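Undergrad: next one to model:
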Amino acid sequence: MTARFVWIRILALLSVLLGVNYIAWRWLDSVNWSAWWIAVPLVIAETYSLIDTFLFSATMWRARERPAPTSPPQGTADVLITTYNEPVDMVIATARAAKGIAYPHETWILDDGARPDMAAAARQLGVGYITRSADWAGKPRHAKAGNLNNALFQTEGEFLLILDADQVPDPLILHRTLGYFADDPEVALVQTPQWFVNVDDADPLGSQAPLFYGPIQQGKDGWNAAFFCGSNAVLRRDALMQLGIVGYVRSLEQSTVRTLKASESLLAHAARDRDADPAVRQQLRVLRSEVAQARARLDEGEPIADVTYRVQSAVDTASRELVRGDLSRVRADLASIGELPVQRDTELDAIVIDDAGLDALAARELSPLGAIDSVSGLLEALRVDRPDEAQPMQPMATISVTEDMATAMQLHSLGWKSVYHHEILAHGLAPEDLRTMLTQRLRWAQGTLQVMLRDNPLVKKGLSAGQRLMYFATMWSYLSGFTAIVYLAAPVIYLVFGVMPVTAWSVDFFARFLPYFVINQILFLVVAKGIKTWRGQQYALALFPVWIKACTSAFSNVVLKRPLGFAVTKKDGRDESGPPWREIWPQLTAIVVLATALVLGLSRLAVGTADGTGTLVNTVWVIYDLAVLSVIVQAALYRGPARPVREPEEAA
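TA: Next up, the predicted model:
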């Protein structure tokens, strides 16, 4: 361990200890309960920040600078270039560079846009071209994840290099990464940085993310939790196929259990029909017992197909026995049988039993035959021996609008390992205007929060404690929008109204807060090791409306089942419609309010109606907030450098 990492651990430990000391004092001794409406939100926000400090410190505790792999590159490889509506010449430039990769491989363009001109260009270049059919809404399902899943079944390489349409690879990218898979057969993923050629030194859109594609990924790598970022990564096909099989089986098991429970409910209700013949009611009780036994056999590990076949056979026998019954009641049941609460989730591509619909169906006065036919219909929906109806296997995770983190977490939960290779081996194109950047960041945040709500790493089986923390740390960061509101409002409330969220700006406050703050900043400086991190700190606060929108939309999608759109990042140049002032009105409003509060606060101090220490503290606070938010104005007015021209010989 180098001296630098020893210092990182010392500073990380001090940061957490000083933070706990400060926050404990805040909760126990300094909350101004007479102004609880701002005092309590502020101390909650500070507690959030302490948890953030702990998660960052844990990340850096085991930061790992990997040596190059010792084994030579080996195995067959496919290069998969995903595209939907990007310009043909951009995709072809990437494909030409991919074709020129020195290691033997096959190059494929995966075109979800199904464009004839793209197909023709691929044929002319001599690379593979794969497309797929659209769904009922006219768009291919599951976006990029679905595109990759489709290609997995049409290619054969042992390893897959995934590239976005704009990410031009280095000729040696496979030589530099494939050796990790030979070094360790449990490695499923090797991720390399994303770097952008159309970003100047000022980087007002914060595209390069050098802290993430560096210390943070290296920190996660130390916990075997470096994750897939969607592009510039090599994945092991066997690992993905295992993931698809396991996911398919688990989904089918869950659907089968719910279907058997639903069947028991239907049969139990029908057996209570006092008008039914005693022999019929006995038949229903026997059938219900068969369903209960089926659930027990399923728990014991009996194959799903065998379990459902036995139940279906019992249902068919019971149906034949009862068909001689009251045909008039059977006819009345036909409408109910045709409205079974069974459907396919269009987003997750899984059988869904609608509990509310099931309750309504179970409450209906169905005839015995109607109940049995309903059970038969539920079982029919689960059949896995019909290729046209079976749930397709999905190796790439489809539980969110971004496939990368979810897929990596699933791989880690199955025991696979990942590697972060800290070397720029592909050069891409970043968003060139604020509107496009906001769309991109919103999608990232929505996808991450969807994963947290659907498959929270803190309770996910198969992950180590470190992996749980590393995934949760990334998800936790997107909740900061709510704390940002408090951090912006608190100094304004003091400067304008003189309301203090703390009992006093005392020596106790400064003795606890300043060491915590200073050590935190030193930790960042040591971790960064010369990397510019100010831009990232600015956007962590300045994009608070995006983070809040992502939280609300992800919650609405996962919990309330409202659809969530997928927007492809614009890659065909900057938006020429002008600065997106409407999209950033919350930040602009905050800037105006902060500036006004600063003037009013200094005016109150001048006339002697404000405390000097409190005014000084909050003035510094407001100036910091204004400095942070200023980046959003810079970004709105930004017109980046001319996009580099990718000549064919240069790309090759």
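
Undergrad: contacts for stretch 83-101?
TA: Residues outside stretch 83-101 that contact it (Cβ atoms under 8 Å, 6 or more residues apart in numbering): 79, 81, 107, 109-113, 115, 117-118, 121-122, 125-127, 143-144, 147, 161, 163, 165-169, 171-174, 429, 568, 571-572, 646, 648, 651-652. Every C-beta, even on glycine, is put in place using the N, C-alpha and C of the backbone.

Undergrad: CA-only coordinates of that stretch in CSV, if you can.
TA: The C-alpha trace of stretch 83-101 is given here as CSV (Å, rounded to 0.1, in the frame of the first residue of the first chain):
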residue,chain,number,x,y,z
THR,A,83,-27.4,2.7,-32.6
TYR,A,84,-30.9,4.0,-32.9
ASN,A,85,-31.1,7.3,-34.7
GLU,A,86,-27.5,8.6,-34.7
PRO,A,87,-26.2,9.9,-38.1
VAL,A,88,-25.0,7.1,-40.4
ASP,A,89,-21.6,8.7,-41.0
MET,A,90,-21.0,8.8,-37.3
VAL,A,91,-21.8,5.1,-36.8
ILE,A,92,-19.8,4.1,-39.8
ALA,A,93,-16.8,6.1,-38.5
THR,A,94,-17.0,4.1,-35.3
ALA,A,95,-17.6,0.8,-37.2
ARG,A,96,-14.6,1.5,-39.4
ALA,A,97,-12.4,2.0,-36.4
ALA,A,98,-13.9,-1.1,-34.8
LYS,A,99,-13.1,-3.1,-37.9
GLY,A,100,-9.5,-1.9,-37.6
ILE,A,101,-9.1,-3.3,-34.1
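
Undergrad: dump the residue contacts of the nearest residue to residue 479 once chain neighbours are set aside.
TA: Excluding the flanking residues, the one nearest residue 479 by Cβ to Cβ, 6 or more residues apart in numbering is residue 551, at 6.5 Å. Residues in contact with residue 551, defined by Cβ under 8 Å, 6+ apart, are 445, 449, 478, 479, 481, 482.

Undergrad: if any of these are buried, put those into a PyMOL selection.
TA: Buried residues among the contacts of residue 551 (16 or more other Cβ atoms under 10 Å), as a PyMOL selection:
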select buried, resi 445+449+478+479+481
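
Undergrad: which of the contacts of residue 551 lies closest to residue 216?
TA: residue 478 (14.3 Å; Cβ to Cβ).

Undergrad: quick one on the thing from earlier: so which of the contacts of residue 551 comes closest to residue 28?
TA: Nearest member of the contacts of residue 551 to residue 28, counting by Cβ to Cβ, is residue 482, at 23.6 Å.

Undergrad: that closest one reaches residue 548, doesn't it?
TA: Yes. The criterion here is Cβ atoms under 8 Å, and residue 482 meets it with residue 548 at 6.5 Å.

Undergrad: are we agreed that residue 190 is in a helix?
TA: No. Going by DSSP: H, G, I helix; E, B strand; the rest coil, the assignment for residue 190 is strand, not a helix.

Undergrad: from here on, count from 149
TA: I'll keep to 149 as the first residue from here, and by that count the last item is residue 338.

Undergrad: that one and residue 298: what is the separation?
TA: 23 Å (Cβ to Cβ, to the nearest Å).

Undergrad: more neighbours, the two?
TA: More neighbours surround residue 338 than the other of residue 338 and residue 298, with 27 against 20 (other Cβ atoms under 10 Å).

Undergrad: from residue 262, how far out is the more buried one?
TA: 31 Å.

Undergrad: before we move on, what about residue 221?
TA: Taking Cβ to Cβ, one finds residue 221 at 34 Å from residue 262.

Undergrad: do the same with residue 351
TA: Counting by Cβ to Cβ, the gap from residue 351 to residue 262 is 35 Å.

Undergrad: okay, and the spatially most central residue of the chain sits in which element?
TA: Among the residues of the chain, the one closest to the centroid is residue 596, at 2.4 Å (Cα atoms, centre = their mean). Assessed by DSSP states H and E, residue 596 sits inside helix 582-602.

Undergrad: for that helix, name the packing helices and strands.
TA: helix 552-561, helix 613-625, helix 692-706, helix 760-785 (3 or more Cβ pairs under 8 Å, 6 or more residues apart in numbering; DSSP states H and E).

Undergrad: compare those helices and give me the one nearest residue 584.
TA: Residue 584 sits nearest to helix 760-785 of all these, at 10.8 Å, using Cβ to Cβ.

Undergrad: rounded mean pLDDT for the closest one, please.
TA: On average, the pLDDT along helix 760-785 is 95.

Undergrad: enumerate the positions of stretch 236-254 that are buried.
TA: Buried residues in stretch 236-254, counted by 16+ other Cβ under 10 Å: 236, 238-249, 251, 253-254.

Undergrad: among those residues, which are located in helices?
TA: 236, 238, 239, 240, 241, 242, 243, 244, 245, 246, 247 (DSSP state H).

Undergrad: nearest to residue 464, of these?
TA: Distances from residue 464 to these, taken by Cβ to Cβ, are shortest for residue 239, at 53.4 Å.

Undergrad: can you name the residues that contact residue 776?
TA: Residue 776 neighbours (Cβ under 8 Å, 6+ apart): 685, 686, 689, 690.

Undergrad: same thing but 6 Å
TA: Counting by Cβ atoms under 6 Å, 6 or more residues apart in numbering, residue 776 touches 686, 689, 690.

Undergrad: pull the number of nearby residues for the residue lying closest to the first one once chain neighbours are set aside.
TA: In other words, residue 686. Using Cβ to Cβ, 6+ apart and skipping residues adjacent in sequence, the residue nearest residue 686 is residue 779, 4.2 Å away. The tally of other residues near residue 779 (other Cβ under 10 Å) stands at 23.

Undergrad: now residue 779: how far from residue 582?
TA: Taken as Cβ to Cβ, the span from residue 779 to residue 582 is 10 Å.

Undergrad: so what's the closest residue to residue 219 other than its chain neighbours scoring on pLDDT?
TA: Nearest residue to residue 219, sequence neighbours excluded (Cβ to Cβ, 6+ apart): residue 330, at 3.5 Å. Note on residue 330: pLDDT of 97.

Undergrad: got the residue ranges for the helices in the stretch 399-548 of the chain?
TA: 426-447, 452-470, 475-485, 503-511, 516-529 (DSSP state H, counting those that start in this stretch).

Undergrad: which helix or strand contains residue 227?
TA: Per DSSP H and E: residue 227 is located in strand 225-231.

Undergrad: and that strand, how far from the chain's centre?
TA: 22 Å (Cα atoms, centre = their mean, to the nearest Å).

Undergrad: what average pLDDT does it get?
TA: pLDDT averaged over strand 225-231 gives 97.

Undergrad: between helix 236-247 and it, find me the angle.
TA: 170 degrees (axes from the mean of the first three to the mean of the last three Cα atoms, to 10 degrees).

Undergrad: parallel or antiparallel, list what pairs with strand 225-231.
TA: strand 254-259 (parallel), strand 307-312 (parallel) (DSSP bridges).

Undergrad: output these in CSV; the columns should cover mean pLDDT and distance to residue 168.
TA: As requested, these are exported to CSV (pLDDT from 0 to 100; distance: least, Cβ to Cβ, whole Å):
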stretch, mean pLDDT, distance to residue 168
strand 254-259, 97, 49
strand 307-312, 97, 41
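
Undergrad: using JSON lines, lay out those together with distance to residue 612.
TA: Output for these, formatted as JSON lines (distance: least, Cβ to Cβ, whole Å):
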{"stretch": "strand 254-259", "distance to residue 612": "33"}
{"stretch": "strand 307-312", "distance to residue 612": "25"}
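
Undergrad: I'd like to know which of those lies nearest to residue 680.
TA: Here strand 307-312 is closest among the strands paired with strand 225-231 (Cβ to Cβ), at 24.2 Å.

Undergrad: contacts for that closest one?
TA: Counting by Cβ under 6 Å, 6+ apart, residues outside strand 307-312 touching it are 223, 225, 226, 227, 228, 229, 379, 381, 382, 383.
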